[in-house]
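> please find the sequence and the predicted model below.
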Amino acid sequence: MENRLLIGMDISFADEIEAAGGAYYERGERRDIMAILQDAGTDSIRLRIWNDPPGGFCNLERTLVMARRIKARGLHFLLDFHYSDGWADPGKQWKPKAWAGLDLDGLGREVFRFTSEVLSALAKQGTPPDMVQVGNEITNGMLWDEGRVDGGFDTDGQWEALASLLKAGVLAVRETAPQAEVMLHIDRGGDWPGTFKFFDRMRRSGVDFDVIGQSFYPWWHGTLDDLRGNLEQTAREFGKPIYVAETAYPWTLRAPEGDGLIVGREDQLHPGYPASVEGQSAYLRDLMAVIRGVPNGLGRGLYWWEPAWIPAKTSWSVGHANNWSNLTLFDFAGRKLASWDALRS
């Protein structure tokens with residue numbers, strides 16, 4: 001029997017887009033974004049949460065609103081803690097400004113407090129997450145420099161410091177949302193040595209987690225064959241369920257007027273996957289096949305990152321112009337693309 005994947009979508013920006021007047025359409029009819037996604041085969045919604053972001057979105061207040069919409073439709077809910085006031089990824093893991101002067105012990109206490117506070121608020125309104133990420137793309141650590149592990153910080157002591165921060169977050173999840181699975185998420189989708197290094201450190205440090213999350217963007221992380229090889233080895237070595245927690249592929253290389261694009265050149269594409277709806281569809285089908293093929297059924301699902309980040313006039317919470325509008329699953333006007341049909345294949 002074919003492995004049934006959990007299909008997820010990270011639509012963290014949709015709240016802000018809707019507030020700015022953006023809308024989504026299917027067959028010419030304006031529809032609620034959650035309804036479109038669910039009808040197209042989406043099982044799970046992923047939301048990021050920032051501590052105190054400028055602009056007033058992706059914070060606790062708006063996460064509570066979005067969580068009500070998710071749970072009203074009976075969808076699975078993955079909550080992604082960045083532990084920052086803005087983007088946290090391998091190139092930047094800056095502390096929230098309110099935590100700037102804290103030492104490692106103080107940071108651990110705040111990770112526990114903030115995680116517990118958010119999860120308690122979600123539970124109180126009856127919308128607890130089903131899965132929680134303790135950190136976002138934490139390949140190089142988090143809450144720099146105390147929890148940093150890259151470059152000159154790649155020492156046993158720094159790895160133990162990172163582990164202590166993660167343990168604080170995990171403990172908060174276990175106590176406040178005991179039904180939720182805990183994900184650790186890195187960005188080494190096509191890189192087995194990098195993946196082994198990180199998760200072997202977590203294993204040796206005794207960090208308690210349930211599932212492995214990987215980002216895989218082909219223009220940064222290799223080919224689908226690279227992904228396949230890494231996921232196979234990860235499954236055999238660590239024996240935990242694996243999600244491709246972030247992915248995307250372009251449906252065009254044309255940018256909306258006035259916007260730049262992260263992926264805007266032919267040389268960023270992979271053979272067999274042109275920047276078209278057909279190429280995007282082929283990528284999605286083949287990606288799902290790779291995940292389904294992970295040994296022992298440990299390939300559990302995927303999350304497309306910001307499929308609904310259409311151009312809209314907004315303040316953008318962290319001053320981030322839209323450089324992603326050709327990596328969505330909607331066109332620039334918010335019309336659903338045929339790429340969604342790949343989820344049914």
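On my side now, so go ahead.
> show me what the host helix or strand of Leu107 packs onto, helices and strands only.
The secondary structure element spanning Leu107 is helix 104-124 (assigned by DSSP states H and E). Under the contact definition 3 or more Cβ pairs under 8 Å, 6 or more residues apart in numbering; DSSP states H and E, helix 104-124 sits against helix 60-72, strand 76-81, strand 131-134, helix 156-176. No exception for glycine: its C-beta is placed from N, CA and C like everyone else's.
> now with 7 Å, please.
Helices and strands in packing contact with helix 104-124 are listed as helix 60-72, helix 156-176; criterion 3 or more Cβ pairs under 7 Å, 6 or more residues apart in numbering; DSSP states H and E.
> okay if I get the ones you listed as TSV plus mean pLDDT, distance to Ile212 and mean neighbour count?
Formatted as TSV, the entries for the helices and strands packed on helix 104-124 read as follows, by pLDDT from 0 to 100; distance: least, Cβ to Cβ, whole Å; neighbours: other Cβ atoms under 10 Å:
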stretch	mean pLDDT	distance to Ile212	mean neighbour count
helix 60-72	98	23	17
helix 156-176	98	13	19
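> out of these, flag the one nearest Tyr273.
Closest approach to Tyr273 among the helices and strands packed on helix 104-124 is made by helix 60-72 (30.5 Å; Cβ to Cβ).
> sketch out the low-pLDDT regions of the stretch 201-345 of the chain for me.
Judged by pLDDT under 70, the stretch 201-345 of the chain has its weakly predicted residues at 258, 313-320.
> mind doing that once more with 90?
255-260, 311-322, 344-345 (pLDDT under 90).
> same deal with the stretch 51-200 of the chain?
Across the stretch 51-200 of the chain, residues meeting the criterion (pLDDT under 90) sit at 54-56.
> and Glu237, that one's in a helix?
Yes: membership of Glu237 in a helix is supported by DSSP: H, G, I helix; E, B strand; the rest coil.
> can you give me the distance of it to Val294?
Per Cβ to Cβ, to the nearest Å, Glu237 is found 12 Å from Val294.
> who's more crowded, the two?
When Glu237 is set against Val294 and neighbours are counted by other Cβ atoms under 10 Å, the residue ahead is Val294, at 21 against 14.
> with that, I have no additional questions.
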